[in-house]
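Q: how would this look folded up:
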Amino acid sequence: MGAEVFRYDGKRVLVVGGATGMGAAAAQQASALGAEVVVMDVADVSYPVAKAIKVDLRDKASVDAAIDAVGAPVDAILACAGVADGTRGIMLINFTSQRHLVERMVNEGKLNNGGAIGFISSVAGLGWMQNLDTVKDFLATPDWESAAEWVAAHEGTDGYGFSKEAINCYVAQQALPMLKKGHRINAILPGPTDTPLARANADIWLTFGADYREAAGVNHLQPEEMGNTLLFLCSAAASGINGITVLVDQGHVQASLVDAFEAPMVKMLAGLIQPDPSMFGEA
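A: Residues are numbered from 1 along each chain as shown. Sure thing, here's the model as predicted:
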């Protein structure tokens with residue numbers, strides 16, 4: 001067994017949200033590793049792929065049509081779509097639609113046996129275990145419609161942080177059921193990464209952890225670092241890894257949790273301390 005376990009020769013990979021950012025990086029690297037790549041996105045895909053499918057992740061009919069357009073089964077589903085707070089339908093885009101897509105493809109045999117699923121979460125979802133009862137209540141919704149109704153009925157849940165908490169809990173919940181069906185499911189939790197989405201929210205996203213990067217003498221993470229990790233988790237090389245969320249953040253979170261680096265915001269995100277107004281520049 002050699003380097004072939006890291007490759008994707010003869011495999012099909014579906015990348016949801018693959019037009020830009022981490023999804024685009026993952027899709028292009030999958031192609032370089034031998035995969036036939038299918039990309040779904042509302043935006044145009046500007047690089048060569050086997051198939052590009054337009055989809056509006058806020059519209060169930062659009063998502064179902066996109067699934068039908070995938071054609072032959074795939075060997076990996078990379079759920080990379082994500083938008084920031086302030087976007088209409090953020091929970092539909094960041095989680096509900098992608099859960100619907102994954103479950104429909106699995107149930108209809110559109111993910112080959114031995115196939116893998118990889119989500120992009122975020123360090124913003126670190127506190128999911130401290131919010132476990134609420135997240136599990138949301139995930140108990142069986143379908144798109146009931147999930148949307150639940151979010152509408154629960155103030156404060158139609159947001160970026162909750163969408164990432166939902167991903168983290170979903171990955172843990174689905175480890176056993178997916179394995180029984182012959183699949184694996186994992187997620188990555190990126191630290192601040194230089195993507196178009198991050199640059200659009202630079203005052204918050206790209207300043208987070210700046211003191212840690214300065215202390216370590218490192219720059220912002222790049223989309224390729226996220227794409228590579230996601231592809232590793234979905235490759236044969238990671239066949240024993242299932243149901244976990246992998247931090248890809250240059251060690252910022254772990255160093256902060258054990259007080260090797262002082263970062264109260266990280267502890268707040270992890271649910272270990274209560275929010276302090278001074279963290280947000282409030283008196």
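Q: what residue is smack in the middle of the protein?
A: The centre of the chain sits closest to I120, judged by Cα atoms, centre = their mean, with a distance of 1.5 Å.
Q: name the nearest residue to that one, sequence neighbours excluded.
A: Distances taken as Cβ to Cβ, 6 or more residues apart in numbering put C80 closest to I120, at 4.9 Å, once the chain neighbours are dropped. Quick note: C-beta positions are derived from backbone N, CA and C, even for glycine.
Q: which stretches of the protein form strands?
A: Assigned by DSSP state E, the strands in the chain fall at 12-16, 36-41, 51-54, 74-79, 111-120, 184-190, 245-248.
Q: next, the angle strand 74-79 makes with the longest one.
A: Our comparison of strand 111-120 with strand 74-79, counting by axes from the mean of the first three to the mean of the last three Cα atoms, to 10 degrees, yields an angle of 20 degrees.
Q: which residue sits closest to I273, ignoring its sequence neighbours?
A: Nearest to I273 is K267, by Cβ to Cβ, 6+ apart, at 4.7 Å.
Q: for T96, see how far away the one you found is.
A: According to Cβ to Cβ, to the nearest Å, K267 and T96 sit 29 Å apart.
Q: give me the more crowded residue out of those two.
A: Taking other Cβ atoms under 10 Å, K267 and T96 do not tie; T96 has more neighbours (28 against 18).
Q: the more buried one touches A147, doesn't it?
A: Yes: between T96 and A147 there is a contact under Cβ atoms under 8 Å: 4.7 Å.
Q: what sits against P223?
A: Counting by Cβ atoms under 8 Å, 6 or more residues apart in numbering, P223 makes contact with G21, M22, A24, A25, T193, D194, T195.
Q: quick one, helices of the stretch 101-250 of the chain?
A: For the stretch 101-250 of the chain, helices defined by DSSP state H, counting those that start in this stretch occupy the ranges 132-139, 144-153, 160-180, 196-200, 202-205, 210-216, 223-233.
Q: pick the most buried one from these.
A: Highest mean neighbour count of those: helix 223-233, a mean of 22 (counted as mean count of other Cβ atoms under 10 Å).
Q: sorry, back to before: isn't the residue nearest to the centre of the chain right up against T195?
A: No: I120 is not in contact with T195 according to Cβ under 8 Å; the separation is 10.4 Å.
Q: so what sits against both of these two?
A: Contacts common to I120 and T195, judged by Cβ under 8 Å, 6+ apart, are M22.
Q: helices and strands of the chain: which one bottoms out on pLDDT?
A: Least confident element among the helices and strands of the chain, by mean pLDDT, DSSP states H and E: helix 202-205 (a mean of 80).
Q: distance between it and the chain's centre?
A: With Cα atoms, centre = their mean, to the nearest Å as the basis, helix 202-205 stands 19 Å off its chain's centre.
Q: what does it contact?
A: Contacts for helix 202-205 (Cβ under 8 Å, 6+ apart): A84, P192, L197, A198.
Q: repeat that for stretch 18-30.
A: Against stretch 18-30 from outside (Cβ under 8 Å, 6+ apart): 8, 13, 15-17, 37, 39-47, 49, 76, 78, 80-81, 120, 190, 193, 195-197, 222-224, 226-228, 230-231.
Q: those, buried ones only, as a ChimeraX selection?
A: With 16 or more other Cβ atoms under 10 Å as the burial test, the buried ones among the contacts of stretch 18-30 are selected in ChimeraX as follows:
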select :8,13,15,16,17,37,39,40,41,42,45,49,76,78,80,81,120,190,193,195,197,223,226,227,228,230,231
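Q: what stretches of the stretch 151-283 of the chain score poorly on pLDDT?
A: Under the criterion pLDDT under 70, the flagged ranges of the stretch 151-283 of the chain are 276-283.
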